[in-house]
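1. Model the structure of this input:
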Amino acid sequence: MKKALATLMAATMCFSLAVLPGFAASFDQNSTEAIGTTFSFDYKNDPTYTVTIPDAVTMDKDGSDVNIVAENVANLDGKKISVTIAGTDQFRDQMLMEGKTEDGKTGYTRYQFILEDGTVVETAPDNANGTELVSFTGNGTKTFQVKPVISFSSSQYKGVLYTGQMTYGISLVDAE
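-> You can find the predicted model right below:
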């Protein structure tokens, strides 16, 4: 039984390798018609989009909205515009803000993002580079919240203005 099955499988494989491509033209010494190939090429428009990200956000203790806008979105061809975290101005790209007290002490406070689906993005224990914050397949506005992390640590001082900077990555990726 095993030999018969193996022989049948081997024969099937041999015949499947001999199949000619569909729509192939044949020509021999007795043919009088002209044969040829029709070529086609879909020269698609390049994707276009404009993404607007706020250049500054002042955080409230309870969090503040960050609105990212996509406009003039066209010709994505099965892709989406992905806005990700590219890095920060802190050591190991931590989501940290830094400030100085009046007597010169340096203080730090972390911040976090709360995405539309409720996911919390922070850099503890690793950095969050590459994390997608929002994506677009058409024109629109997406919002996430940024919130300071009040930890009452010895390096976090009241009465200090904390600042930090983040850079974003914007790219076209396959839509899910």
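2. Low-confidence stretches in this protein?
-> Along the chain, segments meeting pLDDT under 70 span 1-25, 124-125.
3. distance of I114 from N127?
-> The span separating I114 from N127 equals 18 Å under the rule CB to CB, to the nearest Å. To be clear about C-beta, it is placed using only N, CA and C from the backbone, and glycine gets the same treatment.
4. So which of these two has more stuff around it?
-> For I114 against N127, the residue with the higher neighbour count under other CB atoms under 10 Å is N127, and the figures read 18 against 14.
5. Quick one: residues contacting the spatially closest residue to that one that is not a sequence neighbour.
-> The spatial neighbour of N127 that comes closest, neighbours along the chain excluded (CB to CB, 6 or more residues apart in numbering), is D93 at 4.1 Å. When the contact criterion is CB atoms under 8 Å, 6 or more residues apart in numbering, the partners of D93 are I85, G87, T123, N127, A128, N129.
6. Buried only: go through these for me.
-> Using 16 or more other CB atoms under 10 Å as the burial test, the contacts of D93 include I85, G87, T123, N127, A128 as buried.
7. any idea which of these is the one closest to K105?
-> Using CB to CB, the shortest approach to K105 within the buried ones among the contacts of D93 belongs to T123, at 22.5 Å.
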